[in-house]
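>>> dropping a prediction and its sequence here:
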Amino acid sequence: MKILTGNDLATGDVTWWTGQGWSRHIEAAVDVGDQGEAIAHAEEGARRVNAPYVIDATETPDGPRPAHIKDRIRALGPTVRADLTLKPADPNAGSWVI
Amino acid sequence: MYKYDQYDHSIVTSRVEEFRDQVNRRLAGQITEDQFKPLRLMNGLYLQLHAYMLRVAVPYGTLDSRQMRMLATIARKYDRGYGHFTTRQNIQYNWIKLDEAPDILADLATVEMHAIQTSGNCIRNISSDQFAGAAADELVDPRPWAELLRQWSTFHPEFTYLPRKFKIAVIAADEDRAAMRLHDIGIQIVEKDGVHGARIFVGGGMGRTPMVAPEIKDFVRLEDLLSYLEACLRVYNRYGRRDNIYKARIKILIHEIGADEYRRQVEDEFVAVKALGIDPPKAEFDRIAAFFAPPAWESGLADAIDRSDPDFAVWLDQNVSAHKAPGYAVVTISLKPAGGIPGDASADQIDLMADLAEKHSFDELRVTHAQNIVLPHVRKADLHGLWTQLREAGLAEANLDLISDIIACPGLDYCSLANARSIPVAQKIHARFADLGRQRELGELKLKISGCINACGHHHAGHIGILGVDRKGTENYQLLLGGSGAEDVSLAKITGPGFSEDGIVDAVETATNVYLRERTEGERFLDTYRRIGMEPFKEALYG
């Protein structure tokens, strides 16, 4: 599957396209098929996202898993500071990245 | 320490308001990201992996307790309670919001700080010897010259759009603690026939194409220094390549035309520049130098230190260095605790270091390119009390220049350029060599890790260097041996095929075992490597 990601313009937060808007949680990301570039262009123009780009991901029962480790780290947070990730209470969250 | 005059204040506060307007226009959609990006970068604001990152300048690594406390305040108020001290003697914050960035710069301006010259193709923050003004082995304090270069280079209209970024280091001791010859220009203040002047090295650097800077001039009169540097920059600005980012640094220009031809052109240009009269009058230099007058060291202090506490004695031996004044010492606070992140400090730790500097070090601190903090002027009689407070705050790791005193870039955990993570590798190596006695048995061993070829972690200059690469989507780590950023400068060489994350830790241990087997009396790891060469290490690593 292909999913769309970028950063929130004002906060810099990593965000994912949900079909209706942007979420910080990759679980909410949807397959954009071949519409990624068009959505990115429109959303960037509306200043709802900064520097958007399309990535490859695998669909899993827990939601999309980006193909590249860089985007998995973007999705979760730094692997060396569990307290700063989106899942600070989940000790196994880091294994999803690696 | 240098204090801003009316011009410095005016420049910095004007810049804050200019940036505030630029941010407002960006948020209002009046300018695009393509238009805004170079503007934010000129103010130290990057977009990194998780958020905006702000890099704050610490000119030549020197700051006072008031400034240090502001760094802690920013960590608490605008970030997530910590900061990351960098290999350029600066500090970075990883979780910045765009709409708050102007407020941060405004807060910094109240303590004479800013984020200017921390990004972009300009002359970057000038770096220097972290022991400047205190080192027993220095000729003079190099910081007045570094400050002069700061003033000369800030918003220099001719050098704001260079072909590529440009880094200058200034030292004034034979021991090079600033990796001077791995800068675009390295300056060493020297003495010749009783007169002080500058040795000029041009064209060093790490990154994709590492090079040691060749000597371009063995002695420049200090009253000609700015003109000579202006000539060096002008030749680069004229002929440096702008068509290929990977060939745009001055090291490539000098490599292509040769040091002799570059020198000839600089000498010709120098004649023209000198006539412009840009070198400051002596009175102006003396005005700047007066800010760096030695603090009021007490006389008659004892040099003896009670070493009866064995843990304290180890820290003394490892992290305390000779000072030029009797009864004083230079203290390096390690930011490399076991399990920690090299260079990171919490806001509370930053505040504590500020308090200790105010109480014990004439209000001065330094940031080192090895990502540690220095208290430059500590009475020897105060060392035990200082160490006790540091230990309570987790800041008394006695590992300066040992294998766990690792330089590591933020790597793929934070950096959008990185190919692999650096910090977990540093943590695993630290854990493998957790026993301090084992570390001390290995002796001086500088290990440096970069998460990509841009080499922010200085892996080329490591006695042992590690370079993280992306191999078909998987992190892979190359091992390098034999580098040095010190006065015995050299570039590390790759041993061979790379390793996995756990494999690189084993490989480092294997390399240290070869050293222990082969070393002769008094040899450091680097000395043994230079004597026996790469082959015994390759044999042990790859069999």
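All right, it came through fine.
>>> hey, let's count contacts and neighbours off CA atoms from now on
OK.
>>> up against chain A, what does the stretch 201-350 of chain B have?
B:Ile341 (Cα under 8 Å from any Cα of the partner chain).
>>> which single residue of the stretch 201-350 of chain B ends up nearest chain A?
B:Ile341 (7.9 Å; Cα to the nearest Cα).
>>> return the list of helices and strands in contact with the helix or strand hosting B:Asp268.
Using DSSP states H and E, B:Asp268 sits within helix B:259-274. Applying 3 or more Cα pairs under 8 Å, 6 or more residues apart in numbering or on different chains; DSSP states H and E, one finds that helix B:259-274 contacts strand B:215-221, helix B:225-239.
>>> go again using 10 Å as the cut-off
Applying 3 or more Cα pairs under 10 Å, 6 or more residues apart in numbering or on different chains; DSSP states H and E, one finds that helix B:259-274 contacts strand B:195-202, strand B:215-221, helix B:225-239, helix B:250-257.
>>> next, format those as a markdown table and append mean neighbour count.
What follows is the helices and strands packed on helix B:259-274, written out as a markdown table (neighbours: other Cα atoms under 10 Å in any protein chain shown):
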| stretch | mean neighbour count |
| --- | --- |
| strand B:195-202 | 21 |
| strand B:215-221 | 17 |
| helix B:225-239 | 21 |
| helix B:250-257 | 19 |
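>>> mind putting those into TSV with mean pLDDT and distance to B:Ser490?
Below are the helices and strands packed on helix B:259-274 laid out as TSV (pLDDT from 0 to 100; distance: least, Cα to Cα, whole Å):
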stretch	mean pLDDT	distance to B:Ser490
strand B:195-202	98	15
strand B:215-221	98	14
helix B:225-239	98	24
helix B:250-257	98	15
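>>> using CSV, lay out those together with distance to B:Gln439.
Converted to CSV, the helices and strands packed on helix B:259-274 look like this (distance: least, Cα to Cα, whole Å):
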stretch, distance to B:Gln439
strand B:195-202, 34
strand B:215-221, 36
helix B:225-239, 42
helix B:250-257, 36
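>>> contact partners for A:Ala67?
A:Ala67 sits next to A:Met1, A:Lys2, A:Ile55, A:Asp56, A:Ala57, A:Thr58, B:Gly473 when contact means Cα atoms under 10 Å, 6 or more residues apart in numbering or on different chains.
>>> distance check, it against A:Val30.
15 Å (Cα to Cα, to the nearest Å).
>>> what do you get for A:Ala46?
Counting by Cα to Cα, the gap from A:Ala46 to A:Val30 is 20 Å.
>>> neighbour count: those two, which is higher?
Between A:Ala46 and A:Val30, counted using other Cα atoms under 10 Å in any protein chain shown, the more crowded position is A:Val30 (19 against 11).
>>> does that one touch A:Gly63 like I think?
Yes. Contact criterion Cα atoms under 10 Å: A:Val30 and A:Gly63 qualify, at 9.0 Å.
>>> spell out which parts of the stretch 351-500 of chain B neighbour chain A.
B:410-421, B:423-424, B:427, B:470, B:472-475 (Cα under 10 Å from any Cα of the partner chain).
>>> sort out for me which of those are in helices.
B:Ile423, B:Pro424, B:Gln427 (DSSP state H).
>>> need those in CSV with pLDDT and neighbour count, can you?
Shown next, in CSV, are these (pLDDT from 0 to 100; neighbours: other Cα atoms under 10 Å in any protein chain shown):
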residue, pLDDT, neighbour count
B:Ile423, 98, 28
B:Pro424, 98, 20
B:Gln427, 98, 24
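>>> possible to save those residues as a markdown table with distance to B:Gly44?
Below are these laid out as a markdown table (distance: Cα to Cα, whole Å):
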| residue | distance to B:Gly44 |
| --- | --- |
| B:Ile423 | 23 |
| B:Pro424 | 26 |
| B:Gln427 | 28 |
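>>> next, name the residue at the spatial heart of chain A.
A:Trp16 (4.1 Å; Cα atoms, centre = their mean).
>>> got the residues of chain A near chain B?
Counting by Cα under 10 Å from any Cα, chain A sits next to chain B at A:6-15, A:44-47, A:50-51, A:67-71, A:73-81, A:84-85, A:98.
>>> list the helices and strands the helix or strand bottoming out on mean pLDDT in chain A packs on?
Across the helices and strands of chain A, the lowest-confidence element by mean pLDDT, DSSP states H and E is helix A:93-97, at a mean of 90. In terms of contacts (3+ Cα pairs under 10 Å, 6+ apart), helix A:93-97 is packed against strand A:63-66, helix A:69-76.
>>> most packed of these?
helix A:69-76 (a mean of 23; mean count of other Cα atoms under 10 Å in any protein chain shown).
>>> now for that one, which elements pack on it?
strand A:2-7, strand A:14-17, strand A:50-60, strand A:63-66, helix A:93-97.
>>> who's in contact with the closest residue to B:Gly465 other than its chain neighbours?
Distances taken as Cα to Cα, 6 or more residues apart in numbering or on different chains place B:His459 nearest to B:Gly465, at 4.3 Å, with adjacent residues excluded. Contacts for B:His459 (Cα under 10 Å, 6+ apart) come out as B:206-207, B:407-409, B:446-453, B:465-468, B:478-481, B:483-485, B:491-493.
>>> noted, bye for now.
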